[in-house]
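Colleague: Take this sequence and fold it.
(2 chains)
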Amino acid sequence: MRIASWNVNSVRTRVDRVVAWLERTGTDVLAIQETKARDDQFPYLAFEAAGYEVEHLGSNQWNGVAIASRVGFDDVVRHFPGQPAFGDPAVLEPRAIGATCGGVRVWSLYVPNGRELDHPHYAYKLDWLARLRDQAEAWLADDPAAQICLMGDWNVAPLDTDVWDPAVFAGKTHVSAAERDAFAAFGAAGYTEMTREILPAENTYTYWDYQQLAFPRNKGLRIDFAYASPALRERVTGAVIDRDERKGKGASDHVPIVLDLAD
DNA sequence: ATGACATCGTATCGATGA
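Modeller: Presented below is the predicted three-dimensional model:
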């Protein structure tokens, strides 16, 4: 089985490219982030025509997460238990959807950006990660044999070599010690980030800004990851960061990350 | 090569992204 995650930056704009990628790569389950659509705007038909069912959680033009599966759905959950809200009035944003697909518990996650270190969005980001970690630990405690994958856009660059120039990011979000600690806490909770495990090369990026020729100049960030529970880790036979998907007109600014699982 | 910011709304710019 092949599972993947991709921040598509608007599913309506990218639907042809995303469905073509699913079919071409033989991906069975795709966790999608930044759909930027309400449920009634999601292009379900294009996915269904290719053999994929979709479960979506969206509200407006911001955020939005989904899972596309051609191996079925069980136990779909929108928002993770304890997920923090943001704003005044506080709103539970569409940033997490979970489902069991082909025996794997997949969570499609869009971690808050944080904006600036002194912005309320940054505290929200840290709280969001801490509460997700608590849940992830509880899920594993409930069933140590569970095959769980926490995949998505984490908006954290865990290592200095995950940013094209650490000096440029000094004092900014994504690289702070608190964010890196919050990310690493999932490892302490028993999960292994599989793309790093299999693709440890430095300066391997998953995101390149649209501006200033960032992609041709390889000025990128590594912020998309897939944490696997111990039982799932045992099944992972390979990982891919599909850098080619950043090429050409109409690309998302993120590329897919892929895990191959033994049958 | 891969190319000079993109997305959405109700819009002719602002908010958001990272």
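Colleague: can you list the residues of chain A near DNA strand B?
Modeller: Residues of chain A lying near DNA strand B by C-beta under 7 Å from any atom of the strand: A:7, A:9-10, A:12-13, A:34, A:36-38, A:41, A:60-62, A:112-113, A:115, A:121, A:153, A:155, A:173-174, A:207, A:209-213, A:215-216, A:218, A:221, A:223, A:247-251, A:253-254. Backbone N, C-alpha and C define where each C-beta goes, glycine included.
Colleague: Just the buried residues out of those residues, in PyMOL syntax.
Modeller: Here is the PyMOL command that selects the buried residues among the residues of chain A next to DNA strand B (16 or more other C-beta atoms under 10 Å):
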select buried, chain A and resi 7+9+34+36+37+41+112+153+155+173+174+207+215+221+223+251+253+254
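Colleague: Which of the residues of chain A next to DNA strand B fall in helices?
Modeller: A:R12, A:T13, A:H121 (DSSP state H).
Colleague: May I see those organised as CSV, with pLDDT added?
Modeller: CSV is the format used below for those (pLDDT from 0 to 100):
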residue, pLDDT
A:R12, 97
A:T13, 95
A:H121, 97
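Colleague: just the residues you listed now: which is nearest A:G102?
Modeller: Proximity of these to A:G102 (C-beta to C-beta) peaks at A:R12, which lies at 26.9 Å.
Colleague: contacting residues around the most centrally placed residue in chain A?
Modeller: In chain A, the residue lying closest to the centroid (C-alpha atoms, centre = their mean) is A:G152, at 0.6 Å. Contact analysis of A:G152 by C-beta atoms under 8 Å, 6 or more residues apart in numbering lists A:S5, A:N7, A:A31, A:Q33, A:V65, A:W107, A:S108, A:L109, A:Y110, A:V111, A:D224, A:F225.
Colleague: will you turn those residues into a markdown table that also has pLDDT?
Modeller: Listed next are the contacts of A:G152 as a markdown table, based on pLDDT from 0 to 100:
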| residue | pLDDT |
| --- | --- |
| A:S5 | 98 |
| A:N7 | 98 |
| A:A31 | 98 |
| A:Q33 | 98 |
| A:V65 | 98 |
| A:W107 | 98 |
| A:S108 | 98 |
| A:L109 | 98 |
| A:Y110 | 98 |
| A:V111 | 98 |
| A:D224 | 98 |
| A:F225 | 98 |
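Colleague: Tell me the one among those nearest to DNA strand B.
Modeller: Nearest to DNA strand B among the contacts of A:G152 is A:N7, at 5.9 Å by C-beta to the nearest atom of the strand.
Colleague: partner residues bridging the closest one?
Modeller: A:Q33 (DSSP bridges).
Colleague: Do I have it right that it meets A:A251?
Modeller: No: assessed by C-beta atoms under 8 Å, A:N7 is found out of contact with A:A251, at 11.7 Å.
Colleague: Show me the strands in the stretch 101-250 of chain A, by range?
Modeller: Listed in chain order, the strands of the stretch 101-250 of chain A (DSSP state E, counting those that start in this stretch) span A:104-110, A:148-153, A:192-193, A:207-208, A:220-221, A:224-228, A:236-241.
Colleague: Select, out of the ones you listed, the one closest to A:D162.
Modeller: Here strand A:220-221 is closest among the strands of the stretch 101-250 of chain A (C-beta to C-beta), at 6.4 Å.
Colleague: same question for that closest one, mean pLDDT?
Modeller: On average, the pLDDT along strand A:220-221 is 98.
Colleague: which residues touch that strand?
Modeller: For strand A:220-221, using C-beta under 8 Å, 6+ apart, the contacting residues are A:A157, A:D162, A:V163, A:W164, A:H174, A:N203, A:Y205, A:T206, A:Y207, A:W208, A:A214.
Colleague: Now with 6 Å, please.
Modeller: If you take C-beta atoms under 6 Å, 6 or more residues apart in numbering as the criterion, strand A:220-221 is touched by A:A157, A:V163, A:W164, A:Y205, A:Y207, A:W208.
Colleague: for those, which one is nearest A:W139?
Modeller: Lowest distance from A:W139 to the contacts of strand A:220-221 (C-beta to C-beta) belongs to A:A157, with 25.6 Å.
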